[in-house]
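Participant: show me how the following folds:
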Amino acid sequence: MPLSKPTTAPSDFDFIIGEWQVRHRRLNSRMTGCNDWTEFLGTSCTRKILGGFGNVEDNVLHLPDGEVKAAAFRSFDETSQKWAIWWLDGRAPHNLDVPVVGSFSGPVGTFFANDSLDGKPITVRFIWQTNQGNNPIWEQAFSADGCKSWETNWVMEFVRQ
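Facilitator: Numbers count the residues shown, from 1 in each chain. As a prediction, this is how the structure comes out:
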C-alpha cells in the first residue's frame, strides 16, 4: 500500500469526544408494532484513534436487567469521504454488527446499512444530531420496506459529565 500525503483529520465527530452520561430510550420489540419503550441510563467515553481518522466509544448501559458493556468503532475513508460505524455488544464479544456508512451534512450525520432481523432483510439507519451548544442525539431506525417507512427503535441523548 503506497504512503499517502498527510491530510487533515475530519472533525465531524469532534462533538462527541469526551465523557458523557447517556439517557437511553429503547423500543421493547423491534418491527412488531410495539409502542412500549424502556428508559435507562448509561455512560459513554469517546476518544480519537487512527490519527483522528477514527474514534472509539466505550459504553456502559444500565439496563433494567443488568449492566451491559458495548463499544462503537468509527473510521473515516478519505477516498469516499464517508464514515463507517461498527457496534460491538459485550454480550456477544466476537460479533461486530454490520457497519452503517454515511456522512454529515451540516450538523446532521446520516448512516445506512443493509442487515437482517429475525432472518428478514432490513435497512438500518443511524442519525446523529450534533446540536451544537446542547446535548447530542443519536437515533436508530429500521425499515423493512425499502426505506419507504422507518421505525425508530432507540434514541440516546448525551449529557456532558
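Participant: below-threshold pLDDT in the protein: ranges please.
Facilitator: 1-6 (pLDDT under 70).
Participant: which residues in it form strands?
Facilitator: 18-27, 37-49, 54-63, 66-77, 82-89, 100-105, 108-117, 120-129, 137-143, 151-160 (DSSP state E).
Participant: for the ones you listed, give me CSV that also has distance to Ala9.
Facilitator: Bear in mind the C-beta positions are built from the backbone N, C-alpha and C, glycine included. Shown next, in CSV, are those (distance: least, Cβ to Cβ, whole Å):
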stretch, distance to Ala9
strand 18-27, 17
strand 37-49, 8
strand 54-63, 9
strand 66-77, 8
strand 82-89, 12
strand 100-105, 14
strand 108-117, 16
strand 120-129, 17
strand 137-143, 21
strand 151-160, 21
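Participant: got a markdown table for those strands, with distance to Ser11 and mean neighbour count too?
Facilitator: Shown next, in a markdown table, are the strands of the chain (distance: least, Cβ to Cβ, whole Å; neighbours: other Cβ atoms under 10 Å):
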| stretch | distance to Ser11 | mean neighbour count |
| --- | --- | --- |
| strand 18-27 | 14 | 17 |
| strand 37-49 | 10 | 15 |
| strand 54-63 | 11 | 17 |
| strand 66-77 | 10 | 16 |
| strand 82-89 | 12 | 18 |
| strand 100-105 | 10 | 16 |
| strand 108-117 | 12 | 15 |
| strand 120-129 | 13 | 17 |
| strand 137-143 | 18 | 19 |
| strand 151-160 | 17 | 17 |
